[in-house]
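[1] Have a look at this prediction, sequence included:
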Amino acid sequence: MEHIDTLKALGLFDARVPRYTSYPTAAVFSPQTGGAFQKAALEGLDPADPVSVYIHIPFCERLCWFCACHTQGTQTLGPVESYIGTLEAELELLRRTLPSGLRMGRLHWGGGTPTILPPPLIHRLAKAIRSVFPEAEQYEFSVEIDPTMVDRAKIDALAAEGLTRASIGIQDFDPEVQQAIGRLQPFEVTRACVDDLRAAGITSLNTDLVYGLPHQTLARIEDTIDKVLTFAPDRVALFGYAHVPWVSKRQKLIPEEALPDDLARYTLATRAAERFVDAGLTAIGIDHFARPGDDLAEAQSNGHLRRNFQGYTADTCQTLIGLGASSISRFPEGYVQNAPATAAYIQRITAGEFPGARGYHMMGEDQLRARAIERLMCDFTLDLHDLGAEFGPAAYALAPALAEMANRFAPYATLDDTRLDIAQDGRPLTRIIASVLDQHVPEGVRYSRAS
């Protein structure tokens, strides 16, 4: 308990800080950085550098209560087909803007539920994307998959379009937990989905789990992990449930009294991590695991691990182009988010306008601090000498921040000359430690809990 008490005293159970999937975070995005910035950034891309492409499909047949993503429910395909037409129009806008010769290194379909698309719409969207973004060498294509909204025909269609990695949402297999979060998903249905993916030749499989859910217990999450391990996943993401009903109204349907308390939540995360490591997976960052040989594990071992809006990645592309409502693009000079509401996004595209509604233009030390936070989140270490090789003498301006980290978070953070290291036992504090570098914390913003 002494270890737990020390972590608690350092803010693990009280602090609310960003997840740092970007820096600065989306909370500081401004309408002053919108469509004009987006257009200029796209025009200025170097065609010699491949880009990543993200497609947001906001539709779901059911709206899971735990989810805080930009989604909307539909029971018919009419709005979905119309939305694909809007994506095609956005792609045409990009085609007229991007420099000739630009190629796509990574493609990811997220949502929402991308597998709400029937095979004809899968083929239609994939064709439209390729018409604007030819594939680069070592191209990868990943899709988020809801096992209750996919069948072999959809999987075969995705495989025919070059799917290389499937990301399966699971959360928890316990029926009472599923009932409490509005996501009924039997193990047998998920098992059939995995079998179909493997039979279709999809060689890389991610599974997404969540701890801190209502009615979740150690025994229940252990049972879920037992079942997940039978899938032999190549990667596992273990996210902490962020209860933010002031952001996502649907979370008000989740009974707060059924949520695990601070200690129980920490125990769930710790035990789950132990199980995956014991099963032979390598811990990646604060919440991912990968089999040895997976490119995520290799990226960590060679210092090339990155962090983006989907979590940890081995993607080396410096630019991410987001298409669809609410999607965020990352450019070397900053970020821009498309209009979050689907209707507003469609209205802008229909008017022939770039859909960027808000963003952030990097200035001053932003690039330096973004890289420093990313290295802490990925490597649990930060050496100013390494930063200096990229940013020059300006990197050493962070020396006082490193000293503050070592002082505030001892014994878990230690400083040796210009190098800060976070100890294994202190890694749950990583987001809090990284927040010392954050110079953009707007007043009144309520982030998710750090634990």
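    Nice, thanks for sending it over.
[2] Find the residue closest to the residue nearest the centre of the chain in space, skipping its chain neighbours.
    In the chain, the C-alpha nearest the mean C-alpha coordinate belongs to residue 310, at 1.6 Å (CA atoms, centre = their mean). Distances taken as CB to CB, 6 or more residues apart in numbering put residue 108 closest to residue 310, at 6.6 Å, once the chain neighbours are dropped. For glycine as for every other residue, the C-beta is placed from the backbone atoms N, C-alpha and C.
[3] That neighbour against residue 56, yeah?
    No: taking contacts as CB atoms under 8 Å, residue 108 lies outside contact range of residue 56: 9.6 Å.
[4] burial of residue 349, as a residue count?
    Close neighbours of residue 349, defined as other CB atoms under 10 Å, add up to 25.
[5] cool, residue 45 as well?
    Residue 45, neighbours per other CB under 10 Å, totals 18.
[6] Please identify the helix or strand for it.
    Counting by DSSP states H and E, no helix or strand carries residue 45.
[7] Looking at strand pairing, list the partners for residue 142.
    Beta-bridge partners for residue 142, by DSSP bridges, are residue 108, residue 165.
[8] and the residue lying closest to residue 63 once chain neighbours are set aside, how far is that from residue 182?
    Using CB to CB, 6+ apart and skipping residues adjacent in sequence, the residue nearest residue 63 is residue 73, 4.9 Å away. Distance, residue 73 to residue 182, by CB to CB, to the nearest Å: 11 Å.
[9] Run through the helices of the stretch 1-150 of the chain in chain order.
    2-9, 35-43, 78-95, 119-132 (DSSP state H, counting those that start in this stretch).
[10] Let's test this: mean pLDDT of the shortest one, rounded?
    In this model, helix 2-9 carries a mean pLDDT of 91.
[11] Please apply the same query to the last one.
    The average pLDDT for helix 119-132 rounds to 98.
[12] which residues are in contact with it?
    Contacting residues not belonging to helix 119-132 are listed as 53, 55, 77, 80-81, 84, 87-88, 91-92, 94-95, 98, 104, 107, 117, 153-154, 156-158, 160-162 [CB atoms under 8 Å, 6 or more residues apart in numbering].
[13] Return a ChimeraX selection command for the buried portion of the residues you listed.
    In ChimeraX syntax, the buried subset of the contacts of helix 119-132 is picked out as below (16 or more other CB atoms under 10 Å):
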select :53,55,80,84,87,88,91,94,98,104,107,117,154,156,157,158,161
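[14] Can you show me the CA trace of stretch 252-259 as CSV?
    Extracted in CSV, the C-alpha atoms of stretch 252-259 (Å, rounded to 0.1, in the frame of the first residue of the first chain):
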residue,chain,number,x,y,z
LYS,A,252,-25.4,9.9,-18.4
LEU,A,253,-27.0,6.5,-19.0
ILE,A,254,-24.1,4.8,-17.2
PRO,A,255,-24.7,4.4,-13.4
GLU,A,256,-21.9,6.2,-11.7
GLU,A,257,-22.3,4.2,-8.5
ALA,A,258,-21.4,1.1,-10.5
LEU,A,259,-18.0,2.5,-11.7
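[15] Let me know the average pLDDT across that stretch.
    If you average the per-residue pLDDT over stretch 252-259, you get 90.
[16] do the same with stretch 195-204
    Mean predicted confidence for stretch 195-204 is 96.
[17] do the same with stretch 90-97
    98.
[18] Pull the contacting residues for residue 215.
    Listed by CB under 8 Å, 6+ apart, the contact set of residue 215 reads 174, 176-177, 180, 258.
[19] phi, psi of the residue nearest to residue 279 when sequence neighbours are not counted?
    Excluding its sequence neighbours, the residue lying closest to residue 279 (CB to CB, 6+ apart) is residue 229, at 5.5 Å. When quoted as degrees, to the nearest 10, the phi and psi of residue 229 stand at phi -60, psi -20.
[20] ok, so what distance separates residue 229 from residue 432?
    31 Å.
[21] cool, residue 226 as well?
    Distance from residue 226 to residue 432, by CB to CB: 32 Å.
[22] These two: who's more crowded?
    Neighbours of residue 226 and residue 432, each counted by other CB under 10 Å, are more numerous for residue 432; the result is 22 against 12.
[23] so where does that one fall, helix or strand?
    Using DSSP H and E, residue 432 falls in helix 430-434.
[24] list the helices and strands that helix packs on?
    On a contact count with 3 or more CB pairs under 8 Å, 6 or more residues apart in numbering; DSSP states H and E, helix 430-434 meets helix 366-379.
[25] residues in contact with the helix it packs on?
    Helix 366-379 has contacts (CB under 8 Å, 6+ apart) with 20, 22-24, 285-286, 300, 303, 305-307, 312, 362, 381-382, 386-387, 390-391, 394-395, 397-398, 420, 422, 430-431, 433-434, 437-439.
[26] The same query, at a cut-off of 7 Å, please.
    Contacts to helix 366-379, defined as CB atoms under 7 Å, 6 or more residues apart in numbering, come from residues 20, 23-24, 285-286, 303, 305-307, 382, 387, 390-391, 394-395, 398, 430, 433-434, 437, 439.
[27] List only buried entries from those.
    20, 23-24, 285-286, 305-307, 382, 387, 391, 395, 398, 430, 433-434, 437.
[28] From the chain's centroid, how far away is stretch 180-188?
    22 Å (CA atoms, centre = their mean, to the nearest Å).
[29] buried stuff in that stretch?
    Under 16+ other CB under 10 Å, the buried positions of stretch 180-188 are 180-183, 185, 187.
[30] Now intersect these with the helices, please.
    Among the buried residues of stretch 180-188, DSSP state H puts 180-181, 187 in helices.
[31] Neighbouring strands of the helix or strand bottoming out on mean pLDDT in the chain in the sheet, and parallel or not?
    Sorting the helices and strands of the chain by mean pLDDT, DSSP states H and E puts strand 72-73 at the bottom, at a mean of 77. According to DSSP bridges, strand 72-73 has the following sheet partners: strand 59-60 (parallel).
[32] Now do the strand it pairs with, average pLDDT.
    90.
[33] cool, stretch 377-388 as well?
    97.
[34] before we move on, what about stretch 403-420?
    97.
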